[in-house]
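*Asks:* Dropping the sequence and predicted coords here.
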Amino acid sequence: MSVEKFPTEKLSTQKSSFDRRTFTSVVASAGAVATANALSAKSYGRVIGANDRIGVAIVGAGVIGTAHLNVIKKLKEPNNLLAVGVADCWMTRAEQGKTLVEATHAVADYRKLLDMKEVDYVTVATPEHSHHLITMEAMDAGKAVYCEKPLTHRIPQAQAVMKKQKETGMALQVGVQGLSDDSFITARKVIREGILGQVVHAQIEYVRRYDAKKGPWRVPEQVAEHTAKPADLNWDAWLAGAPKIDWNPNHYFEWRCYSNYSGGICTDLFIHRITRIMQACDLLYPRRVVGMGGIWQWPDGRDLPDNVEMICEYPRGMTVYVLGTMSNRVGIDHLIRGYRATLFFTKTGWEVKDKDGKILAEHKKTGGEDQHLHHTNLHDHMRSGVPLNCPIELGMAGVVAVNMANESWKSSRMMAWDPVNEKMVPGDTIELNRTPDPS
């Protein structure tokens with residue numbers, strides 16, 4: 001049996017606009033222009049050489065922030081990093097983060113770190129609703145950014161961040177670290193070469209099984225311990241642009257359960273999955289999206305579903321199905337269906353099989369879903385213009401898809417993307433071009 005094996009390689013995911021056709025053409029030449037773009041006139045305040053130390057600031061020292069702090073700590077020597085400072089609106093956490101990563105500064109106001117010339121890039125690891133504020137201020141201050149997924153909480157926020165990134169030229173890595181696994185960029189290559197034939201469908205999932213007594217993202221022990229606000233926690237700063245309310249430990253510790261701060265399963269988990277399929281299949285904005293599910297098992301005051309799924313229809317003429325349940329961890333195959341063959345993602349990479357099960361092509365992955373690799377990719381981009389694994393265009397398109405799914409669930413209407421006005425609208429209020437555009 002002859003099996004075509006595809007070598008490990010890095011292809012750019014850079015795109016220059018909202019247009020798929022432009023995206024595809026830019027990808028082909030991105031490697032040649034990456035360094036020029038990285039060192040453009042509006043880019044870094046100083047050129048970072050291959051041997052120069054990169055100064056990093058971390059904003060947010062909670063659960064996810066601590067994970068990033070551990071990454072930075074491990075990469076300090078091999079990647080020549082300087083941990084300049086840690087910011088958190090809860091000063092206790094900022095001090096703990098400073099100690100963990102052996103940083104120079106601990107502050108409650110992240111803007112103090114943005115004023116420090118030693119800082120070259122900022123890691124944003126706060127709740128979703130404040131991503132856009134910190135990211136835009138960091139870019140205005142001349143800092144590159146690693147922004148945790150999702151890029152932003154809402155679509156208009158993502159559009160504002162994209163505009164700011166184009167104005168400043170600052171590097172922005174979106175924290176969908178699964179794209180540091182080369183399975184998806186190499187899958188795109190084999191799909192483009194036509195081995196699958198016409199691609200018509202993809203499916204993927206994110207499933208978990210939470211404790212029956214406390215449900216997704218509930219931490220009752222911490223809530224009970226902090227019925228009174230800690231004296232050194234700036235609650236108004238944490239709320240940022242969200243509606244002003246009195247101290248609420250449920251909202252602070254369990255923010256993923258509330259729509260003022262998060263999109264729940266769709267924005268916290270589905271964003272990992274849909275972005276992978278987008279990269280593999282050359283997708284940006286969906287034409288229509290349906291989101292279905294409900295608060296079925298944990299009606300505990302949350303206002304976001306605990307079980308949800310979405311179907312996205314894309315202009316190229318294909319649909320993407322994403323399953324999400326927090327009540328059962330039995331998943332489904334992650335795959336892409338074409339007329340001639342099917343691409344199956346595996347633990348070690350991917351395989352393409354025809355209708356009889358014959359393997360037509362396969363790939364053994366390098367990299368993985370790893371924050372260390374994702375940060376290193378940003379460091380390499382800052383030093384030598386290596387293409388970002390998850391640039392802002394992919395981050396923006398992911399925000400659109402998952403927000404459309406949430407709005408569909410909430411409104412009980414199919415949502416559509418208005419490409420002229422670049423906004424989400426009810427599906428029955430716009431005339432859609434249903435002719436496939438596989439270019």
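*Replies:* Nice, thanks for sending it over. Just so you know, these numbers come straight off a predicted model, no measurement behind them.

*Asks:* distance of the closest residue to residue 223 other than its chain neighbours from residue 264?
*Replies:* Nearest residue to residue 223 in three dimensions, chain neighbours excluded: residue 249, at 4.5 Å (CB to CB, 6 or more residues apart in numbering). All C-beta atoms are positioned from the backbone trio N, CA, C, and that covers glycine. Counting by CB to CB, to the nearest Å, the gap from residue 249 to residue 264 is 19 Å.

*Asks:* Same question for residue 385.
*Replies:* Look at residue 385 and residue 264: by CB to CB, they are 37 Å apart.

*Asks:* Could you identify the helix or strand that succeeds the lowest-mean-pLDDT helix or strand in the chain?
*Replies:* The weakest-scoring helix or strand in the chain, judged by mean pLDDT, DSSP states H and E, is helix 20-38 (a mean of 35). Past helix 20-38, further along toward the C-terminus, the next helix or strand under DSSP states H and E is strand 54-59.

*Asks:* And the next helix or strand past that following strand?
*Replies:* As assigned by DSSP H and E, the chain's next helix or strand after strand 54-59 is helix 63-75.

*Asks:* Three-state assignment for residue 321, please.
*Replies:* With DSSP: H, G, I helix; E, B strand; the rest coil as the basis, residue 321 sits in strand.

*Asks:* ok, it - how many residues close by?
*Replies:* By other CB atoms under 10 Å, 15 other residues sit near residue 321.

*Asks:* pretty sure it is touching residue 203, no?
*Replies:* Yes - between residue 321 and residue 203 there is a contact under CB atoms under 8 Å: 4.5 Å.

*Asks:* How about residue 312: what's its closest non-neighbour residue?
*Replies:* residue 286 (4.1 Å).

*Asks:* can you tell me which residues contact residue 93?
*Replies:* 61, 62, 65 (CB atoms under 8 Å, 6 or more residues apart in numbering).

*Asks:* gap between the nearest residue to the first one once chain neighbours are set aside and residue 115?
*Replies:* Same thing as residue 61. Using CB to CB, 6+ apart and skipping the chain neighbours, the partner closest in space to residue 61 is residue 97 (3.5 Å). Per CB to CB, residue 97 is found 19 Å from residue 115.

*Asks:* Neighbour count for those two, which is higher?
*Replies:* residue 97 (27 against 8).

*Asks:* That one belongs to a strand?
*Replies:* No - counting by three-state DSSP, residue 97 is not part of a strand but helix.

*Asks:* so what's residue 5 scoring on pLDDT?
*Replies:* Note on residue 5: pLDDT of 41.

*Asks:* repeat for residue 8
*Replies:* Note on residue 8: pLDDT of 35.

*Asks:* follow-up on the earlier one: so residue 249 and residue 264 - more neighbours on which side?
*Replies:* When residue 249 and residue 264 are compared for neighbours, residue 264 comes out ahead with 29 against 18, by other CB under 10 Å.

*Asks:* so that one touches residue 298, yeah?
*Replies:* No - counting by CB under 8 Å, residue 298 is not a contact partner of residue 264; they are 11.5 Å apart.

*Asks:* list residues touching both of the two?
*Replies:* Residues touching both residue 264 and residue 298 by CB under 8 Å, 6+ apart: residue 216.

*Asks:* Spell out, range by range, the strands that occur in the stretch 251-400 of the chain.
*Replies:* Counting by DSSP state E, counting those that start in this stretch, one finds strands in the stretch 251-400 of the chain at the ranges 288-294, 307-314, 318-325, 335-338, 341-346, 349-354, 359-364.
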